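J.: any chance you could fold what I've pasted below:
(one chain, ligands or ions: 1)
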Amino acid sequence: GVLTERRVEWSMSDFEIGKYIGEGKFGKVYLAREKQSGYVVALKVIFKVKLEKYRFHTHLRREIEIQHSLDHPNVLRLFAWFHDDDRVVLVLEYAARGELYKLLRTVRRFSERTAATYVASLAAALAYCHKKQVIHRDIKPENLLLDIEGRLKIADFGWAVRSNAKRHTLCGTIDYLAPEMVEKKAHDHAVDNWTLGILCYEFLYGSPPFEAAEQDDTLRRIIKVDLLFPKTPYVSADAKDLISKLLVKDSSKRLSLDDIMKHPWIALKNQDYPRNGEPTWFFGESI
Ligand SMILES: CC(C)n1nc(-c2ccc(NC(=O)/C=C/C(=O)c3ccc(F)c(C(F)(F)F)c3)cc2)c2c(N)ncnc21
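T.: This next block holds a predicted model:
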């Protein structure tokens, strides 16, 4: 569409700015409409003066080009970007239902079908990114948004901004660390498979598995993989089986993204009612 075709140069005058949506990292996010197409987008305005301090310019261009190159139904699109003297503006897909975690806090926990759909979406998005040799995708809670149809979108706010500054996530800051991260060992993208296990548990039970009153109790529980499943009728054995195969200390023994897609809990819960045979939107994307 018009948003992704190369064109001479975008500028703010191409957009009608709508309501202020919220505060992203390093900048404010606004609803906007591209005048020519009427297409609704989210504009993130980053003030360059905020970047100077961190010498981001080198990373910024590279990271944005990476995001610009990704095209998957579960990865939030970066359609275009432009800058003037004092601002960098990102033209982003608008995720109308906002932060997945706010929804989780509201409903307390997701049904197995909803949780399985989100886990499958995340696995598909990560498999796509890994296939494109992009492993900076961070599936932390603050990066998960929902579009108007309730589809999950990984919105990566740029790894360059991922410092060890305190996370502004809605739930525990260290709950998502994999054991190899806690023990400061070398880590690869198998940490994403661990994080998927944490997220799956939290989608079903409403809080992450190793949560504890004190931070170092959480760290101890992570290193021990002290995984307990509360006695509840609403979480099936299949779900617990998947979680137990992701929250494995030895990162090489964690279920791979392909195996997650084949796991009975995922396959079963993602069977859409046969709708005149067209593939469901989730299976539509080949990995
Ligand atoms: C407030 C609410 C929750 N909200 N937020 C969004 C939103 C989604 C995605 C983004 N993306 C980015 O920020 C990307 C940043 C970079 O690639 C980057 C790379 C390198 C850098 F140095 C930097 C730099 F920041 F350091 F410069 C950035 C931002 C906002 C959103 C949305 N799209 N729809 C609806 N609601 C929405």
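
J.: CA atoms for contacts and neighbours, from now on please.
T.: Fine.

J.: which outside residues touch stretch 133-152?
T.: If you take C-alpha atoms under 8 Å, 6 or more residues apart in numbering as the criterion, stretch 133-152 is touched by 66, 74, 94-101, 118, 121-122, 126, 129, 153-157, 159, 168-171, 176, 189, 192, 195-196.

J.: ignore the last one, stretch 189-196
T.: The contact list for stretch 189-196 (C-alpha under 8 Å, 6+ apart) reads 119, 122-123, 135, 138-140, 176-178, 246-248, 251-252, 254-257.

J.: re earlier: buried subset of the contacts of stretch 133-152?
T.: By neighbour count, with 16 or more other C-alpha atoms under 10 Å, the contacts of stretch 133-152 hold 66, 74, 94-101, 118, 121-122, 126, 129, 153-157, 171, 176, 192, 195-196 as buried.

J.: what subset of those residues is also close to the ligand?
T.: 94-96, 98-99, 155-157 (C-alpha under 6 Å from any ligand atom).

J.: is any part of stretch 40-60 close to the ligand?
T.: Yes. On the criterion C-alpha under 6 Å from any ligand atom, stretch 40-60 is in touch with the ligand at 42, 44, 56, 59-60.

J.: quote the end-to-end distance of that stretch.
T.: By C-alpha to C-alpha, to the nearest Å, the extent of stretch 40-60 from end to end equals 24 Å.

J.: buried set for that stretch?
T.: Of the residues in stretch 40-60, 40-48, 51, 60 count as buried by neighbour count, 16+ other C-alpha under 10 Å.

J.: just to revisit the earlier point, keep only those of the contacts of stretch 189-196 that are in helices.
T.: Counting by DSSP state H, the part of the contacts of stretch 189-196 found in helices is 119, 122-123, 246, 257.

J.: ok, those residues vs the ligand, which is closest?
T.: Proximity of these to the ligand (C-alpha to the nearest ligand atom) peaks at Leu122, which lies at 16.0 Å.

J.: for the closest one, which non-adjacent residue is closest in space?
T.: Asn74 (7.1 Å; C-alpha to C-alpha, 6 or more residues apart in numbering).

J.: wait, doesn't that neighbour sit right on Tyr128?
T.: No. Using C-alpha atoms under 8 Å, Asn74 is not in contact with Tyr128; the gap is 9.6 Å.

J.: returning to what we had before: which members of the ones in helices among the contacts of stretch 189-196 are the farthest-apart pair?
T.: Farthest apart among these by C-alpha to C-alpha are Leu122 and Leu246. That separation is 13.6 Å.

J.: can you pull the residues of the protein lying near the ligand?
T.: 21-26, 29, 42, 44, 56, 59-60, 63-64, 92-96, 98-99, 155-158, 160-161.

J.: which elements pack onto the longest strand seen in the chain?
T.: Longest strand of the chain, by residue count under DSSP state E: strand 15-24. Applying 3 or more C-alpha pairs under 8 Å, 6 or more residues apart in numbering; DSSP states H and E, we find strand 15-24 packed against strand 27-34.

J.: which of the residues in the strand it packs on are buried?
T.: Buried residues in strand 27-34, counted by 16+ other C-alpha under 10 Å: 27-34.

J.: so what touches stretch 75-94?
T.: Contacts of stretch 75-94 (C-alpha under 8 Å, 6+ apart): 3-4, 9-11, 31, 40-49, 64, 67-68, 70-71, 95, 125, 147, 153-156.

J.: try it again at 7 Å.
T.: 3-4, 10-11, 40-49, 67-68, 71, 125, 153-155 (C-alpha atoms under 7 Å, 6 or more residues apart in numbering).

J.: hmm, which of the contacts of stretch 189-196 are the buried ones?
T.: Buried among those (16+ other C-alpha under 10 Å): 119, 122-123, 138-140, 176-178, 246-248, 251, 254-257.

J.: tell me where this protein has strands.
T.: Per DSSP E, the chain carries strands over the ranges 15-24, 27-34, 40-47, 78-83, 87-92, 144-146, 152-154.

J.: tell me the strands beside the third one, with direction?
T.: To tie it back to what came earlier, the one meant is strand 40-47. Note on strand 40-47: by DSSP bridges, its sheet partners are strand 27-34 (antiparallel), strand 87-92 (antiparallel).
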